[in-house]
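> What follows is a predicted structure for the sequence shown.
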Protein chains: 2
Amino acid sequence: MQTKILLNDSQIPKRWYNVIPDMPGQMAPVIHPQTGKPAAPEDLAPIFPMELIEQEVSRERWIDIPEEVLKAYQLWRPSPLYRAHRLEAALQTPAKIYYKYEGVSPAGSHKPNTAIPQAWYNKQAGIRRLATETGAGQWGSSMALAAGFFGLDVTVYMVRVSCEQKPYRKSLMEVWGAKVIPSPSPQTVVGRKILEQTPDTPGSLGIAISEAVEDAASHSDTNYALGSVLNHVCLHQSVIGLEAMEQLRLVGDYPDVVLGACGGGSNFAGIAFPFVRDKVNGKQVRLVGVEPASCPTLTKGVYAFDYGDTAKLTPITKMYTLGHDFVPPGIHAGGLRYHGQSALVSQLYHEGVIEALAYPQNTCFEAALLFARSEGIVPAPESSHAIRGAVDEAIKSREEGRERTILFCLSGHGHFDMSAYDAYLAGQLEDYEYPEENIRASLANLPRVEL
Amino acid sequence: MQTKILLNDSQIPKRWYNVIPDMPGQMAPVIHPQTGKPAAPEDLAPIFPMELIEQEVSRERWIDIPEEVLKAYQLWRPSPLYRAHRLEAALQTPAKIYYKYEGVSPAGSHKPNTAIPQAWYNKQAGIRRLATETGAGQWGSSMALAAGFFGLDVTVYMVRVSCEQKPYRKSLMEVWGAKVIPSPSPQTVVGRKILEQTPDTPGSLGIAISEAVEDAASHSDTNYALGSVLNHVCLHQSVIGLEAMEQLRLVGDYPDVVLGACGGGSNFAGIAFPFVRDKVNGKQVRLVGVEPASCPTLTKGVYAFDYGDTAKLTPITKMYTLGHDFVPPGIHAGGLRYHGQSALVSQLYHEGVIEALAYPQNTCFEAALLFARSEGIVPAPESSHAIRGAVDEAIKSREEGRERTILFCLSGHGHFDMSAYDAYLAGQLEDYEYPEENIRASLANLPRVEL
């Protein structure tokens, strides 16, 4: 009985997979936030190095991973693929459940898959410092780790509510040498303005992004780094799905359904995009993004042009969005508290290639506890969304008396999220209602784009 | 360049290694705490299942690992062996540094290696509940995990100072279904007595052991489980060293020196004992246990008969000890705050087969930070002692201009110890002086044993 399907150092993929050439339909242009006209790659140069900008717009299917990035990946990659025998037994399901475990990275999630190359390309471009934001702290700690590896300084704007819920995420970033600032902060024009209007705001990813972008744009030695949403981030995360495909091949299996938690979209993209290629070539495989019911971007948002941040500093992209000034309730899955969605995931959803599900947080924690008590690993609140989806597929399988093969991405561990488990075990976790009124209000503020 | 040396599920050792047949000298008898005469195996039956008692006194070199234990081990074993290329580069050393990483277990340390078989044998013996103690929380969480796997209840007496320093360790145990009680507690006779005499005591492993033993002895459906010190615990931990030997063999290497953190002794035993066999057969290999300077059992204790706990409930064994009523200062490496030492490690030290080193905590955290910033993984404070030892070996190597091969056990991650890192980074970590007077006082209370 095999539990772990392992690959060795030399089996790390040598190339990232870019889904764009395999997507049905044309990509919408990216719009410059000031001019309202399609943006050129050079417009991004003040905050990104050229190598990443090229990846952002590349139409190449395969992009080589630099040698130095592969070396750093070796600290934890290839990540293990598990067959969840004990979870299957607990669910009495005929389904086969596999999970790709990304919590083995030093930062405890999939985020270093892109933090490492982002730090590397910035270092190559002569940048001295990076500014970035973080929700739950998974991205900020990954960027702290990666920047430290390549000798870069890093300033992390951390969403205030997460700072309070997860103080040790801040400590972790500091251990790796980062400077952490609760957002909104008095350090930026944007932050000062928001603090003045709403001094008690819990913060949001949208606000923290605005602060980090402002910081990067106003310092010539500093670039900005984003942990999700963008095309090059989804590209870097493709190592997850590429490895999982190879691992399943080794045991002669192929998934009927692939699930990933869906916030900005990069974790879901990482596990699912390599399967998009098979799917558009006729293979039967369902690809399901799972999002929080309190921030239901795909399932309740609109497909429209919108800003990536609250202060309208970022380019305008066509995506599923709840409106750039929507501030989601303070759920514990801080990494999923984002108003928008990756343009790539959005378009694939729009084209019907992928599906989406939304769950409130209590039902996700229930699945996480079942998982922890059967498989051992205590999942991150973000990852619990994928678990919930996978568990429901397994239950369906049992009810239908039909075997199926389920693959999901366990994007990270919950070692820095124990206060969320305390709240769940104490019955104090709130299932926020679908914030319909707030969403309607924020959707009224979408930018008008004429093409 | 290979970073990780991996084994697959089927390469988990099928047998544990028992060092006793390979030890020079005779083992001293174990003394019954009430009669003062050598104890018989049956004397342990009220608190341990017979299979573990037989392992405790076995003279067999190899003991089969049960199938169900191997299956549970597969959730994280074999653990990876890392070549620390980045740490070597940071130290500019000609030494080759390898570390065996036990933090990949769901509980984040080596402790489940023995928690799993202990739970299994108790379940087989018809036991319904386990009582145990925990210092830093590593053992308690491992026992919570293992007990849950086999459907046993578990009550964990957690040293009070650790409860305060590491609240999320408690949450972790509760996620896996354990009941956690700060020790000393009003739940036991022993606890009530100590609380009356010293209401402000930070607690100690010695006290918590007394409470758990009392709990087990006074409930017929309950057994006791110990996370270190005992022979059967050292036996179970041998999987660490056995795997590491095989992993080094795969890359054609063999260590000049093997290091492990040394509290009760089981982690050090786990990495080092399989090499004892080579050493007594003439192989050149140094085996070094690293302990905290504030609880210097091997380096400053005496080799004498003593109780394993504060309340004199446990058998009396011959070991290095600081006296059973010595309460160590509240250092962050809570797992190393134990007055005594495994009888096996003690005798091997006494016979000159192994060496010992002691370090104050700041220098250990300095090494831990260097490690975190080069290798990525944030180490547990306990593990930082082994890192300090390994780093000093590597520095010596550089100073002497001589290559050497260093193997150490990274016993766990520090995700639940971030407050210790906060204190270190803020310069607020105390280097307690060698508590000479306290030790002298407690050594005056050793039991008199006449054989």
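Looks like it arrived, so ask away. Numbering: from 1, shown residues only, chains lettered A, B, ... in the order given.
> Spatially nearest residue to the residue of the stretch 351-451 of chain A found nearest chain B (excluding sequence neighbours)?
Chain B sits closest to A:Gly376 of the stretch 351-451 of chain A, with a gap of 3.1 Å, by CB to the nearest CB. (Glycine included, C-beta is placed from N, CA and C.) Spatially, and ignoring its direct neighbours in sequence, A:Gly376 is nearest to B:Pro106 (3.1 Å; CB to CB, 6 or more residues apart in numbering or on different chains).
> distance of the one you found from B:Ala269?
As judged by CB to CB, to the nearest Å, B:Pro106 and B:Ala269 stand 22 Å apart.
> Looking at these two, which is more packed in?
B:Ala269 (32 against 20; other CB atoms under 10 Å in any protein chain shown).
> sorry, back to before: need the phi and psi values for the residue of the stretch 351-451 of chain A closest to chain B.
phi 100, psi -50 (degrees, to the nearest 10).
> What is the neighbour count of it?
21.
> got the contact list for it?
Shown in contact with A:Gly376 (CB atoms under 8 Å, 6 or more residues apart in numbering or on different chains): B:Leu75, B:Trp76, B:Ser105, B:Pro106, B:Ala107, B:Leu145, B:Phe149.
> could you redo the last one with a cut-off of 10 Å?
A:82, A:86, B:72, B:75-76, B:105-107, B:112, B:145-146, B:148-149, B:176 (CB atoms under 10 Å, 6 or more residues apart in numbering or on different chains).
> Turn the buried ones among the residues you listed into a named PyMOL selection, would you?
The buried residues among the contacts of A:Gly376 can be selected in PyMOL (16 or more other CB atoms under 10 Å in any protein chain shown) with this line:
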select buried, (chain A and resi 82+86) or (chain B and resi 72+75+76+105+106+107+112+145+146+148+149+176)
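> between the contacts of A:Gly376, which is nearest B:Lys312?
Nearest to B:Lys312 out of these is B:Ala146 (CB to CB; 28.2 Å).
> Can you tell me the closest non-neighbouring residue to A:Leu195?
A:Leu195 sits nearest to A:Pro184 (CB to CB, 6+ apart), 5.2 Å away.
> gap between that neighbour and A:Ala212?
A:Pro184 sits 12 Å away from A:Ala212, taking CB to CB as the criterion.
> Repeat that for A:Lys300.
27 Å.
> Repeat that for A:Ile12.
29 Å.
> Not including adjacent chain positions, what is the nearest residue to the residue of chain A positioned farthest from its centre?
The C-alpha centroid of chain A is most remote from A:Gly401, which lies 33.7 Å away (CA atoms, centre = their mean). Nearest residue to A:Gly401 in three dimensions, chain neighbours excluded: A:Pro94, at 6.9 Å (CB to CB, 6+ apart).
> what residues are up against the one you found?
A:Glu88, A:Ala394, A:Ser397, A:Arg398, A:Glu400, A:Gly401, A:Arg402, A:Glu403, A:Arg404 are the contacts of A:Pro94 under CB under 10 Å, 6+ apart.
> How many residues are close by the fourth one?
A:Arg398 sits with 14 neighbouring residues when counted by other CB under 10 Å.
> Got phi/psi on it?
According to degrees, to the nearest 10, A:Arg398 has phi -60, psi -50.
> That one is in contact with A:Ala90, isn't it?
No. Counting by CB atoms under 10 Å, A:Arg398 does not reach A:Ala90; the two are 11.4 Å apart.
> buried residues in the helix or strand where A:Leu52 lies?
Secondary structure from DSSP states H and E places A:Leu52 in helix A:50-57. Neighbour-count burial for helix A:50-57 flags A:Glu51, A:Leu52, A:Ile53, A:Gln55, A:Glu56 (criterion: 16+ other CB under 10 Å).
> What is that helix packed up against?
strand A:62-64, helix A:112-124, helix A:231-250 (3 or more CB pairs under 10 Å, 6 or more residues apart in numbering or on different chains; DSSP states H and E).
> and the angle for it with helix A:231-250?
Angle, helix A:50-57 to helix A:231-250, by axes from the mean of the first three to the mean of the last three CA atoms, to 10 degrees: 70 degrees.
> Could you check the angle helix A:50-57 makes with helix A:112-124?
Angle of helix A:50-57 versus helix A:112-124, following the same axes, to 10 degrees, is 140 degrees.
> residues in contact with helix A:50-57?
Helix A:50-57 is contacted by residues A:16, A:18, A:20, A:27, A:30, A:39-45, A:47-49, A:60, A:63, A:66, A:114, A:117-118, A:120-122, A:124-125, A:223, A:225-226, A:230-233, A:235-236 when judged by CB under 10 Å, 6+ apart.
> can you give me the mean pLDDT across that helix?
Across helix A:50-57, pLDDT averages out at 97.
> In PDB, please show the C-alpha coordinates belonging to it.
Coordinates of each C-alpha in helix A:50-57 appear next as PDB, following Å, rounded to 0.1, in the frame of the first residue of the first chain:
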ATOM      1  CA  MET A  50      11.700  42.900 -17.900                       C
ATOM      2  CA  GLU A  51      12.000  39.100 -17.600                       C
ATOM      3  CA  LEU A  52       8.800  38.900 -15.600                       C
ATOM      4  CA  ILE A  53       7.000  41.400 -17.900                       C
ATOM      5  CA  GLU A  54       8.000  39.200 -20.900                       C
ATOM      6  CA  GLN A  55       6.600  36.200 -19.100                       C
ATOM      7  CA  GLU A  56       3.400  38.100 -18.300                       C
ATOM      8  CA  VAL A  57       2.700  38.600 -22.000                       C
END
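> how far does it sit from the chain's center?
19 Å (CA atoms, centre = their mean, to the nearest Å).
> Using the three-state scheme, assign the closest residue to chain B within the stretch 101-250 of chain A.
In the stretch 101-250 of chain A, the residue that lies nearest chain B is A:Pro106 (3.2 Å; CB to the nearest CB). When classified by DSSP: H, G, I helix; E, B strand; the rest coil, A:Pro106 comes out as coil.
> That one contacts B:Gly414, doesn't it?
No. A:Pro106 lies out of contact with B:Gly414 (CB under 10 Å); the separation is 11.1 Å.
> list the residues that contact both of those two?
With contacts defined as CB under 10 Å, 6+ apart, the residues adjacent to both A:Pro106 and B:Gly414 are A:Leu172, B:Ala372, B:Ile377, B:Val378.
> Looking at those, state which has the most neighbours.
In these, the most neighbours by other CB under 10 Å go to A:Leu172, 30 neighbours.
> and whichever strand or helix holds that one, how far out from the chain's middle?
Using DSSP H and E, A:Leu172 sits within helix A:167-175. The chain centroid and the centroid of helix A:167-175 are separated by 20 Å under CA atoms, centre = their mean.
> Give me the packing partners of whatever helix or strand comes next after that helix, helices and strands only.
Going down the chain from helix A:167-175, the next helix or strand is strand A:179-183, by DSSP H and E. Secondary-structure packing of strand A:179-183 (3+ CB pairs under 10 Å, 6+ apart): strand A:129-134, helix A:138-149, strand A:153-159, helix A:160-165, helix A:167-175, helix A:189-197, helix A:205-217.
> could you redo the last one with a cut-off of 7 Å?
Contacting strand A:179-183 under the criterion 3 or more CB pairs under 7 Å, 6 or more residues apart in numbering or on different chains; DSSP states H and E are the following elements: strand A:153-159, helix A:160-165, helix A:167-175, helix A:205-217.
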